[in-house]
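[1] coords please:
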Amino acid sequence: HSVVRNALFCLETAADEKENHVYTKALMAYAFALAGKEEKRKALLSSLEKEAVKKDGSVHWQRPGKEPEVDLPYYRYRAPSAEVEMTAYVLLAHLATQTAPSQEELSFASLIAKWISGQQNPNGGFSSTQ
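    Purely as a prediction, here's the structure:
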């Protein structure tokens, strides 16, 4: 359909910009995964991996310029909902491929899922409804 084709063209043009925000890259990677644009998806995921925060055997993404976490006793830090959301989009982009994800992608995806599951509140929910 022409509307979808034009939207993908717009996204492809935006993806080529040098200074895309990490949240934008996460959304575009997932959109390209759904559209079957493997090269664009892989390029964005490669760029995102360079910006990943790898800590305690898990992987996530955070907004640039964010205040550092406060390490207090008896307090479990939970990431802001925007960070949970963009990390979830990266996870979806890793798993929503036209062919089955590679073993390497599944291993990396498990590190992302570990971080996301650690963000659950005591009731099993998250800070965002998304």
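[2] which helix or strand contains Lys54?
    strand 53-55 (DSSP states H and E).
[3] partner strands of that strand and their direction?
    Strand 53-55 has the following strand partners under DSSP bridges: strand 58-60 (antiparallel).
[4] in this protein, which residue is closest to the centre?
    Val90 (2.4 Å; CA atoms, centre = their mean).
[5] show me where this protein has helices.
    2-15, 22-35, 38-50, 81-95, 103-117 (DSSP state H).
[6] flag every buried residue along the last one.
    Put plainly, it is helix 103-117. Glu105, Phe108, Ala109, Leu111, Ile112, Ala113, Trp115, Ile116 (16 or more other CB atoms under 10 Å). To be clear about C-beta, it is placed using only N, CA and C from the backbone, and glycine gets the same treatment.
[7] my guess is the last one contacts Glu83, does it?
    No. Using CB atoms under 8 Å, Ile116 makes no contact with Glu83, being 10.0 Å away.
[8] what touches both of those two?
    His60 (CB atoms under 8 Å, 6 or more residues apart in numbering).
[9] where in the protein is pLDDT low?
    66-77, 128-130 (pLDDT under 70).
[10] switch to 50 and redo it
    Along the chain, no part satisfies pLDDT under 50.
[11] give me the neighbour count for Phe32.
    Phe32: 24 surrounding residues under other CB atoms under 10 Å.
[12] which residues touch it?
    Residues touching Phe32, when contacts are defined by CB under 8 Å, 6+ apart, comprise Leu11, Ala15, Glu38, Lys40, Arg41, Leu44, Ala93.
[13] got a list of what the third one touches?
    Right, the one you point to is Glu38. Here Glu38 is in contact with Phe32, Thr97, Gln98 (criterion: CB under 8 Å, 6+ apart).
[14] the last one - nearest residue in space that isn't next to it in sequence?
    By the measure of CB to CB, 6 or more residues apart in numbering, the closest residue to Gln98 outside its immediate chain neighbours is Gly36, 5.1 Å from it.
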